[in-house]
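Undergrad: Whatever this is, show me its structure:
(chains A and B)
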Number of protein chains: 2
Amino acid sequence: MKNTLSVLVRNQVGVVAQATEVFRQHNVNLNSISCAETEAFDVSRLMLTVEGQEHLFDAVKADLASKDFVLEVEDLSARDLVDRELALVKVAVTRETTTQVMQVCEVFRATVVGMGQETMTLEITGDMRKVDGFIRLLRPFGIRSLARTGSVALARGDD
Amino acid sequence: MKNTLSVLVRNQVGVVAQATEVFRQHNVNLNSISCAETEAFDVSRLMLTVEGQEHLFDAVKADLASKDFVLEVEDLSARDLVDRELALVKVAVTRETTTQVMQVCEVFRATVVGMGQETMTLEITGDMRKVDGFIRLLRPFGIRSLARTGSVALARGDD
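TA: You can find the predicted model right below:
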């Protein structure tokens, strides 16, 4: 099971290093991480996903909450979420395979954002499972580069 | 000027902490960070953006490259890039403002991914400037929550 933690931190030098150090200390392997500014100028949101390892979660959360640069720790794992990530995929194409790659794009509502002599660069957004599925279908064509953002999530509804 | 570093790292416990610690040691403030798996099972890609601070870059890059968990450091700052980020924005709406918010979405090709009694949750993808512009236009309506992934980038063309 994928667990998602949302951590609001002060936007200052070293917070990502200090926050991820907490996970390292508890020997928790991060599946993905993303950090960017929020609506408040001096606050960043750190979004971390972890596969399993639930038994270590309470200790990690308590440890994070005790840091002076941490403003809020929210465990979104059990919540009803809107979660999304973005991936850019550069895939090899030939005259023969271009149509097939375009068909995969159409099914996944991915968009073509770049084209070279031998490659196409595609953009996809969706939950992790959708992005995984897209990548799996493209793999036989030859993936040259892949950059994924890691998921971000907000609780569904007004909360 | 925004600088982008792409760092391929071994997928093991603590790499994000150790990599971001290098930036902290050089007193470089990260603008955004994202880390997720790549096409290779045991390799993750760390994408870091930094506003200015170019004079510290060479030292940071050399330091990163010397770490045993780092496989490749690529400075994408001067390259022609496809760069994208994703943001989820929960914005307050009333019966009066819903149409205006929908119009902003249409202009920015954002999509509505959730709706509550008093809020709409919107998804937007684009480069940093586009996402910034979208958020700026929504701010007067009242942003309840905002989660941005931070940018990921791939070089344009076949490289």
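Undergrad: And what about A:R129, helix, strand or coil?
TA: Three-state assignment for A:R129 (DSSP: H, G, I helix; E, B strand; the rest coil): helix.
Undergrad: Model confidence for it, exactly?
TA: Among the per-residue scores, A:R129 holds a pLDDT of 90.
Undergrad: Run a quick neighbour tally on it.
TA: Neighbour count for A:R129, taken as other C-beta atoms under 10 Å in any protein chain shown: 9. (Each C-beta comes from the backbone N, C-alpha and C, glycine too.)
Undergrad: Report the separation between it and chain B.
TA: From A:R129 across to chain B, the span is 14 Å (C-beta to the nearest C-beta, to the nearest Å).
Undergrad: what residues does the helix or strand bottoming out on mean pLDDT in chain A touch?
TA: Every helix and strand in chain A was compared by mean pLDDT, DSSP states H and E; the lowest is strand A:32-37, with a mean of 87. The contact list for strand A:32-37 (C-beta atoms under 8 Å, 6 or more residues apart in numbering or on different chains) reads A:9, A:11, A:16, A:20, A:43-49, A:85, A:148-152, B:16, B:30-37, B:85, B:147-150.
Undergrad: Likewise for stretch A:120-134?
TA: Residues contacting stretch A:120-134 (C-beta under 8 Å, 6+ apart): A:2, A:49, A:83-91, A:93, A:98, A:101, A:104-105, A:108-115, A:138, A:148, A:151, B:82, B:84, B:86, B:123, B:125, B:154, B:156.
Undergrad: Regarding A:A40, what is its secondary structure?
TA: A:A40 ends up coil, using three-state DSSP.
Undergrad: next one: A:V112
TA: strand.
Undergrad: again, but for A:V101
TA: Per three-state DSSP, the secondary structure class of A:V101 is helix.
Undergrad: Direction included, what does the helix or strand encompassing A:V82 pair up with?
TA: A:V82 is part of strand A:81-92, with elements assigned from DSSP states H and E. Note on strand A:81-92: by DSSP bridges, its sheet partners are strand A:119-126 (antiparallel), strand A:143-148 (antiparallel), strand A:152-155 (antiparallel).
Undergrad: Tell me, how many residues neighbour the nearest residue to A:D42 once chain neighbours are set aside?
TA: Leaving aside its sequence neighbours, A:D42 sits nearest to A:N11 (C-beta to C-beta, 6 or more residues apart in numbering or on different chains; 4.9 Å). Burial measure for A:N11: 20 neighbouring residues, criterion other C-beta under 10 Å.
Undergrad: swap in the one 10 residues further on?
TA: Counted by other C-beta under 10 Å, the residues lying close to A:E21 total 20.
Undergrad: mind listing what it touches?
TA: Going by C-beta under 8 Å, 6+ apart, the list of residues near A:E21 reads B:14, B:17, B:21.
Undergrad: Am I right that the last one is in a helix?
TA: Spelled out, it's B:E21. Yes: B:E21: assigned to a helix according to three-state DSSP.
Undergrad: Mind checking which of the contacts of stretch A:120-134 are buried?
TA: Those of the contacts of stretch A:120-134 that meet the buried threshold are A:49, A:83-91, A:93, A:101, A:104-105, A:108, A:110, A:113-114, A:138, A:148, A:151, B:82, B:84, B:86, B:123, B:125, B:154, B:156, by 16 or more other C-beta atoms under 10 Å in any protein chain shown.
Undergrad: how about the strand holding A:V82 as PDB, C-alpha atoms only?
TA: The C-alpha trace of strand A:81-92 is given here as PDB (Å, rounded to 0.1, in the frame of the first residue of the first chain):
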ATOM      1  CA  LEU A  81      -7.500  11.900  -2.100                       C
ATOM      2  CA  VAL A  82      -7.000  13.600  -5.400                       C
ATOM      3  CA  ASP A  83      -3.500  12.500  -6.300                       C
ATOM      4  CA  ARG A  84      -1.600  13.200  -9.400                       C
ATOM      5  CA  GLU A  85       1.900  13.000 -10.800                       C
ATOM      6  CA  LEU A  86       3.400  14.200 -14.100                       C
ATOM      7  CA  ALA A  87       5.900  12.300 -16.200                       C
ATOM      8  CA  LEU A  88       7.900  13.200 -19.300                       C
ATOM      9  CA  VAL A  89       8.900  10.300 -21.400                       C
ATOM     10  CA  LYS A  90      11.300  10.300 -24.300                       C
ATOM     11  CA  VAL A  91      10.600   7.200 -26.400                       C
ATOM     12  CA  ALA A  92      12.400   5.900 -29.500                       C
END
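Undergrad: okay, the angle between it and strand A:32-37?
TA: 110 degrees (axes from the mean of the first three to the mean of the last three C-alpha atoms, to 10 degrees).
Undergrad: starting at the chain centroid, how far to strand A:81-92?
TA: The chain centroid and the centroid of strand A:81-92 are separated by 8 Å under C-alpha atoms, centre = their mean, to the nearest Å.
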